[in-house]
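below: sequence and its predicted model.
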Amino acid sequence: MQKDQDIEAKIDKIIDTLNQLYNQLCLGYCSFILTHQIQLALVDGRIIHMQELLKTTYFACGNSAILVPRTLVEEGKRKENINLIFLFRAWEDALSTLNKTIKKKILDEDRFERLWQNQKVYLNVLRRRTDILNSISEHRQRLKLLEPILIWLEEKRSNNIAHISKKLLRIARIEQPIYTDDLSRVYEELFSIIKIYYDFLGEEITGLETLRQLVESDFNFLIAKV
């Protein structure tokens, strides 16, 4: 009984980690969409008031939009930092314990089925453990392919956001240093990876398109009130 409790605790840890990663991704993506909305409003002359506030928000959100993907991908100096690499290790740990438990016949697979028959999450992990391991291997490689794009985006952030002069904040027109196809692809890629691990658990999450619509709707409502 202790072994299956250990496995359940490890899967619960995975769920908690996934939720943290997804919440962070949503924060960055909403910031990303907001920069585009502000840029359009300022350039199109749709607003008269709050220009300085919106310009400041624009650059602050742009900073967040670029930093979030890095925090999700980069392991950093501490291995316990929450990121996708941490998530992969947590999955591997849980699946290793599960496979060893079945292999040693502490509990066979049929016994696990009966034990978890009313717990969809654990059953999904049991049945798809090979798929999960294969996905982890694939996604480690996909994260490596994102590295050059992340480096370029960080350079863009350094040049256009991190060292903003007061003069830049006062200009009537601001350019669009944040809303790029590259950053959009990064978020889509990270979301697709995170979503797959929710799928393995039998859980659903809100898609990026829905988040985009919500941010745009809220922003348009706010501008209409100004």
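Looks like it arrived, so ask away.

only C-alpha atoms for contact and neighbour calcs from this point on.
Fine.

pretty sure residue 21 contacts residue 83?
Yes - counting by CA atoms under 8 Å, residue 21 does reach residue 83; the two are 6.7 Å apart.

overlap in contacts of these two?
The contact sets of residue 21 and residue 83 overlap at residue 72 (CA atoms under 8 Å, 6 or more residues apart in numbering).

secondary structure element for the most centrally placed residue in the chain?
Among the residues of the chain, the one closest to the centroid is residue 25, at 3.0 Å (CA atoms, centre = their mean). Assigned by DSSP states H and E, residue 25 belongs to helix 2-43.

averaged pLDDT, that helix. What do you get?
What helix 2-43 shows for mean pLDDT is 88.

list the buried residues in the helix or strand just after it.
Next in sequence after helix 2-43, counting helices and strands by DSSP H and E, comes helix 51-73. Buried residues in helix 51-73, defined by neighbour count with 16 or more other CA atoms under 10 Å: 51, 54-55, 57-59, 61-73.

which elements pack onto whichever helix or strand residue 123 is part of?
In this structure, residue 123 is located in helix 120-127 according to DSSP H and E. Helices and strands touching helix 120-127, as assessed by 3 or more CA pairs under 8 Å, 6 or more residues apart in numbering; DSSP states H and E, comprise helix 109-115.

now the helix it packs on - C-alpha only, CSV.
Taking Å, rounded to 0.1, in the frame of the first residue of the first chain, the C-alpha atoms of helix 109-115 are listed here in CSV:
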residue,chain,number,x,y,z
GLU,A,109,-1.0,-3.9,-13.4
ASP,A,110,-4.5,-5.5,-12.9
ARG,A,111,-4.2,-4.6,-9.2
PHE,A,112,-3.4,-1.0,-10.0
GLU,A,113,-6.4,-0.9,-12.3
ARG,A,114,-8.7,-2.1,-9.5
LEU,A,115,-7.0,0.2,-7.0
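
sort out which residues of that helix are buried, please.
Residues 109, 112-113 are the ones in helix 109-115 that count as buried (16+ other CA under 10 Å).

give the rounded mean pLDDT of stretch 194-213.
Rounded mean pLDDT across stretch 194-213 is 95.

starting at the chain centroid, how far to that stretch?
10 Å (CA atoms, centre = their mean, to the nearest Å).

can you list contacts of it?
The contact list for stretch 194-213, computed with CA under 8 Å, 6+ apart, reads 18, 21-22, 26, 29-30, 33, 120-122, 124-125, 128, 132, 188, 191.

one step back: doesn't residue 68 make contact with the residue nearest to the centre of the chain?
Yes - checked against CA under 8 Å, the pair residue 25 and residue 68 is within contact range at 6.8 Å.
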